[in-house]
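Q: got a predicted structure here, sequence first:
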Amino acid sequence: MDTRKIGIIVGREWSWPPAFIEEVNRRNAGVSAEFVKVGGTRMAELCEYDVIVDRISHEIPYYRTLLKTATLSGTRVVNNPFWWSADDKFFGASLCTRLGIAHPKTVALPSHSYVEGVVEESLRNLRYPVPWKDHVDYLGGFPAILKPAWGGGFKQVYKVNSFEELWRAYNETGTECMMLQEYIAWEKYVRCVVIGRRHIMTIKFDASAPWPHRYFRDDTYLTEEEGRQVVAHALLINEALGYDMNTVEFALKDGVPYAIDFTNPAPDFDVNSLTPHYFDWVVKTMADFTIELAHQGRQVPTEYAWGRMLAERAAPPATE
């Protein structure tokens, strides 16, 4: 029987990739893993890998192009490069609302600036000035969070307490499409690592702590009901988005988990931040999942799950 192949595309991370490759290869499960090596891609060529784990194509455009072509030959890419290219945090906010998952009220904003060459006529559909008071009133007032609709790593995230602070922060955002979001004065905060849309590890998390000391093991941090809700909502979000490798963050207030950040398709897997306990779980669970995918055989993506899921349930009314 031919050995199935798993490839991994990575950036500068040093701990998880070799640990994952070693874990897959030591099992002798008819599947081998290795770093992908490429120097160009011919159109419609057959990809040699049954599965590719993508950790870096959001930063290297050629890799995203390669991965989209690989899916045509049935290579299972974790995560789907077509959806990852299209996804954004504001769509996610709207999707959560439609799925009945609590989410901070959010407003997408016109960019502060535009690239050179964009003329005034190209912006004729925009309303000026931006109705800032209307937006802040919709959120319930200050404080509020200003952050990009795309990206991660806590870049360009501002907590603002007044219009003056909001405008000062907004003036620094350049061509980014930003979102203004309700601030949740949370009592508990967790990050869930979700793999394969069914394996989940819920971790106490403090984004304000100095890196890498942000993950804390506390098996009694959430009540039984809080844990049930968080797990159910995290799995639902990943099923809807179609991500097989993701992290989902929830801010809990009065026992209600608010989905805060859930489009992290190349999540932090570093041993120094995850700690050895959670790192080992991620290594073994990703090996389990990708070996299973490899044995299932090649498959071309056919749909975005959120469309099917919305059709199966009565959509809640749009927020006012």
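A: Arrived safely.

Q: distance check, Pro210 against Asn272.
A: 12 Å (CB to CB, to the nearest Å). The way it works is simple: take the backbone N, C-alpha and C, and place the C-beta from them, glycine included.

Q: what about those two, which has more around it?
A: Asn272 (14 against 7; other CB atoms under 10 Å).

Q: and the more buried one, that's in a helix?
A: Yes. Secondary structure of Asn272 (DSSP: H, G, I helix; E, B strand; the rest coil): part of a helix.

Q: mind listing what it touches?
A: Residues in contact with Asn272 (CB atoms under 8 Å, 6 or more residues apart in numbering) are 15, 212.

Q: pLDDT value on it, please?
A: As predicted, Asn272 sits at a pLDDT of 95.

Q: what of Glu303?
A: 76.

Q: same check on Gly117?
A: Reading off the model, Gly117 has pLDDT 83.

Q: now it: how far from Gln156?
A: For Gly117, the distance to Gln156 - CB to CB - is 23 Å.

Q: looking at these two, which one has more neighbours?
A: Taking neighbours as other CB under 10 Å, Gly117 and Gln156 compare with Gln156 leading, 15 against 6.

Q: shared neighbours, Pro210 and Asn272?
A: Counting by CB under 8 Å, 6+ apart, nothing touches both Pro210 and Asn272.

Q: got the buried residues for stretch 146-157?
A: Using 16 or more other CB atoms under 10 Å as the burial criterion, the residues of stretch 146-157 that qualify are 146-149, 152, 157.

Q: what about that stretch, how long is it end to end?
A: Terminal residues of stretch 146-157 are spaced 6 Å apart (CA to CA, to the nearest Å).

Q: likewise stretch 183-199?
A: Stretch 183-199: ends 29 Å apart by CA to CA.

Q: what about that stretch, average pLDDT?
A: 97.

Q: which ones among the buried residues of stretch 146-157 lie within strands?
A: 146-148 (DSSP state E).

Q: picking that back up, show me the two of the buried residues of stretch 146-157 that sit farthest apart.
A: The largest separation in the buried residues of stretch 146-157, counting by CB to CB, is between Leu146 and Gly152 at 15.3 Å.

Q: for the protein, name the helix or strand with the lowest mean pLDDT.
A: Using mean pLDDT, DSSP states H and E, the weakest-scoring helix or strand in the chain turns out to be helix 305-312, at a mean of 82.

Q: give me the buried stretch members for it, please.
A: In helix 305-312, counting by 16+ other CB under 10 Å, buried: Trp306.

Q: and the strands in the stretch 1-150 of the chain?
A: 4-9, 31-35, 51-54, 76-78, 106-108, 144-148 (DSSP state E, counting those that start in this stretch).

Q: please apply the same query to the stretch 151-300 of the chain.
A: Here the stretch 151-300 of the chain has its strands, by DSSP E, counting those that start in this stretch, at 158-160, 178-182, 188-195, 199-205, 215-216, 245-253, 256-261.

Q: got TSV for those, with mean neighbour count too?
A: As requested, those are exported to TSV (neighbours: other CB atoms under 10 Å):
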stretch	mean neighbour count
strand 158-160	17
strand 178-182	21
strand 188-195	23
strand 199-205	18
strand 215-216	16
strand 245-253	23
strand 256-261	21
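
Q: among those, which is nearest Asp268?
A: Nearest of the strands of the stretch 151-300 of the chain (CB to CB): strand 245-253, 7.5 Å.
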